[in-house]
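Chemist: build me a model from this:
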Amino acid sequence: MRFLVVLSIFLLPVSFAVVGSEIPADKDVIVFQGKTGNVTFHHKLHSGLENVGGVDTVKCSTCHHTYQGDGEVKACGDCHVRNKNEATEDTPVRKKAMHYRCRGCHKYTMKEGKPAGPDKKCKLCHVK
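Modeler: This next block holds a predicted model:
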């Protein structure tokens, strides 16, 4: 039993390092610009989280839902447009998609009784 505890202490940081290493250095922290203020997203902080938002482990494909595990990861703006007049039924505008994905995960995780960051107060994410 002691061996397993010691082993897990050494492997846990390695597992986070592997997930975190997939994120390019220039994408470690991303600032999304919005009319109500910019949202700073800490990419490495979110990657590899466990038991949040209804998933066992946050992977690239959790947020980048079109990612198949190989090739380039698409940015949200590659598919989700800003202008609602350009949006399609299958691809909502960026604001709606991000609120659904980001805020939805935070809400779900909080319902489970776990800490998840901001949800209801817009200015906790959107900072001018």
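Chemist: C-alpha only now, for contacts and for neighbours.
Modeler: Noted.
Chemist: the closest residue to Asp28 other than its chain neighbours: neighbour count?
Modeler: Closest residue to Asp28 in three dimensions, ignoring its sequence neighbours and counting by C-alpha to C-alpha, 6 or more residues apart in numbering: His43, at 5.1 Å. Neighbour count of His43, defined by other C-alpha atoms under 10 Å: 16.
Chemist: for Cys60, see how far away Asp70 is.
Modeler: 10 Å (C-alpha to C-alpha, to the nearest Å).
Chemist: follow-up on the earlier one: what sits against the residue nearest to Asp28?
Modeler: Ile23, Lys27, Asp28, Val29, Ile30 (C-alpha atoms under 8 Å, 6 or more residues apart in numbering).
Chemist: what residues are up against the second one?
Modeler: The neighbours of Lys27, taking C-alpha under 8 Å, 6+ apart as the test, are His43.
Chemist: need the pLDDT of it.
Modeler: Note for Lys27: predicted pLDDT of 91.
Chemist: distance of it from Arg94?
Modeler: With C-alpha to C-alpha as the criterion, Lys27 and Arg94 are 18 Å apart.
Chemist: strands along the protein, start to end?
Modeler: Taking DSSP state E as the criterion, the chain carries its strands at 29-32, 38-42, 50-52, 55-57, 126-127.
Chemist: surely Cys60 touches Lys44?
Modeler: No: between Cys60 and Lys44 there is no contact under C-alpha atoms under 8 Å: 10.9 Å.
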